[in-house]
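Peer 1: Give me a 3D structure for the following:
(one chain, ligands or ions: 3)
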Amino acid sequence: MKKAIILMNMGGPNNLDEVKVFLKNMFNDKYIIGAPQPIRALIGAIIVSKRLEIAKENYRKLGGISPIVGHTKRLVRRLSKIVDADVFYEMRYTYPFAKDILEKVKDYEEIYAIPMYPHYSTTTTKSSWEDLIKVAKNLKIENKIKTIDSYYDNDFYNKAIVERIKEALKDDDSNDFELIFSAHGLTQRTINKGDLYQKHILANVEYAKKELEKQNIRFKKIHMAYQSRLGPMEWLRPYMEDKLKEISSKVIVYPISFTVDNSETLGELVLEYGELAHELGIKDYRVAKAPNHHLYFLEALKEIYEEMKKY
Ligand SMILES: C=CC1=C(C)c2cc3[nH]c(cc4nc(cc5[nH]c(cc1n2)c(C)c5CCC(=O)O)C(CCC(=O)O)=C4C)c(C)c3C=C
Ligand SMILES: [Fe+2]
Ligand SMILES: [Fe+2]
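Peer 2: Ligands and ions are numbered 1, 2, ... in the order given. Model prediction:
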């Protein structure tokens, strides 16, 4: 029985020319911009034209390519060594798209689509899944594909989070540090429409805290904040820039929304908020890595896949 796993992620520019493609596709997504067409296209075009140069500059600082690309490819390689399936990845807004990958796997007997998002959101999980299943229907292979909504409660995944926090601590005493779980923001309007994202993020923080307690790792204080706001709307609070103003000691930031590092972790958290932390007089500001290819995260993905096979 030939099996395929497809890791579904948002994507990120493979080069500076792709920044426009990335933003155009993102702001043409009905789950990101709720308005119907042609208003959506108009709003999208305005946001892209405003955002393009700032975004390009951000990606230039990261070497002209989103870190999400390399991390995802490495995860695919490592996962394929420990499962009885061929592993692929597809992206929502940049190459390789759903159609590029489904063409490759259409003759497989079983296809397992695993979101790279541990928390369910209409803007990420649902958007990726609908995009994939639309292509699958065209190819008449939709009955062979299974997916999963969320896995923020997976033990191995939470162990990977704690390992990354320990790595950022190095040999220093956690009691001297505050810890901020930072999540990618979402508009309050999306949450009010019933999006589960915030609920899942907060539950994830509780699971991670339990794992920290289990390992007897104590921080001065543990906080939660949201990064990556865009535009004039109300986003989930507390905002990261406000939270940093409350920090009075050394701090570790853990990027809780993500399974692999990307422009929001290495660009926004490390560079942008790093600069703000410096201006605020925070002497020791550290950003933990996302799970990436940590063995525990590979184990989590393997376990999720094995569970999916049973249903
Ligand atoms: C404006 C609306 C946006 C919503 C809603 C949103 C939700 C959302 N995004 C992620 C994960 C990632 N977002 C990334 C980049 C990014 N996100 C937005 C906007 C929204 N995201 C923009 C405009 C950008 C581009 C960068 C920029 O211009 O600042 C990335 C990084 C991709 C990369 O290139 O590495 C990720 C990952 C989640 C999890 C989420 C809601 C649950
Ligand atoms: Fe985003
Ligand atoms: Fe951002």
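
Peer 1: Leaving out sequence neighbours, find the closest residue to the residue of the stretch 151-300 of the chain found nearest ligand 1.
Peer 2: Nearest residue of the stretch 151-300 of the chain to ligand 1 (Cβ to the nearest ligand atom) works out as Asn262 at 3.0 Å. In short, each C-beta sits where N, CA and C put it, glycine included. Spatial nearest neighbour of Asn262, excluding adjacent residues (Cβ to Cβ, 6 or more residues apart in numbering): Ile68 at 3.9 Å.

Peer 1: Could I get the phi/psi values of that neighbour?
Peer 2: The phi/psi pair for Ile68 (degrees, to the nearest 10) reads phi -60, psi -30.

Peer 1: thinking again about what came up before, tell me if I'm right that the residue of the stretch 151-300 of the chain closest to ligand 1 and Ser66 touch.
Peer 2: Yes - applying Cβ atoms under 8 Å as the test, Asn262 and Ser66 come out as touching, 6.0 Å apart.

Peer 1: what is in contact with the two at once?
Peer 2: Common neighbours of Asn262 and Ser66, using Cβ atoms under 8 Å, 6 or more residues apart in numbering, are Gly12.

Peer 1: Between these two, which is the more surrounded one?
Peer 2: Neighbours per residue (other Cβ atoms under 10 Å) separate Asn262 from Ser66, with Ser66 holding more: 29 against 26.

Peer 1: Do I have it right that the more buried one meets Asn15?
Peer 2: No - applying Cβ under 8 Å, one finds Ser66 not in contact with Asn15, separated by 9.5 Å.

Peer 1: Any buried residues in stretch 73-86, and which?
Peer 2: Leu75, Val76, Arg78, Leu79, Val83, Ala85 (16 or more other Cβ atoms under 10 Å).

Peer 1: Could you count how many residues lie near the residue nearest to Asn262?
Peer 2: Count around Ile68 with other Cβ under 10 Å applied: 27.

Peer 1: for it, what are its contacts?
Peer 2: Asn9, Met10, Gly11, Gly12, Val260, Asp261, Asn262, Ser263 are the contacts of Ile68 under Cβ under 8 Å, 6+ apart.

Peer 1: Could I get the contacting residues of the second one?
Peer 2: For Met10, the contacting residues are Met26, Ile68, Met91, Arg92, Tyr93, Met116, Thr124, Ser128, Asn262, taking Cβ under 8 Å, 6+ apart as the criterion.

Peer 1: what about 10 Å?
Peer 2: By Cβ atoms under 10 Å, 6 or more residues apart in numbering, the contact list for Met10 reads 22, 25-26, 29, 66, 68, 91-94, 115-117, 123-124, 127-128, 184, 258, 262, 264.

Peer 1: Which neighbours do Ser66 and Asn15 have in common?
Peer 2: By Cβ under 10 Å, 6+ apart, Ser66 and Asn15 have these common neighbours: Tyr59, Thr94.

Peer 1: Could you grab the helix/strand/coil label for whichever residue of the stretch 1-150 of the chain sits closest to ligand 3?
Peer 2: Nearest residue of the stretch 1-150 of the chain to ligand 3, counting by Cβ to the ion: Asn58, 7.8 Å away. For Asn58, the assignment made with DSSP: H, G, I helix; E, B strand; the rest coil gives helix.

Peer 1: And the pLDDT for it?
Peer 2: As predicted, Asn58 sits at a pLDDT of 95.

Peer 1: The one 3 residues further on now?
Peer 2: In this model, Lys61 is scored at 94, pLDDT.

Peer 1: Let me know how buried it is, in neighbour terms.
Peer 2: By other Cβ under 10 Å, 13 other residues sit near Lys61.

Peer 1: The residue in the stretch 151-300 of the chain positioned nearest to ligand 3: neighbouring residues, count only.
Peer 2: Minimum separation of the stretch 151-300 of the chain from ligand 3 (Cβ to the ion) falls at Ser228, amounting to 3.6 Å. Look at Ser228: counted by other Cβ under 10 Å, it has 17 neighbours.
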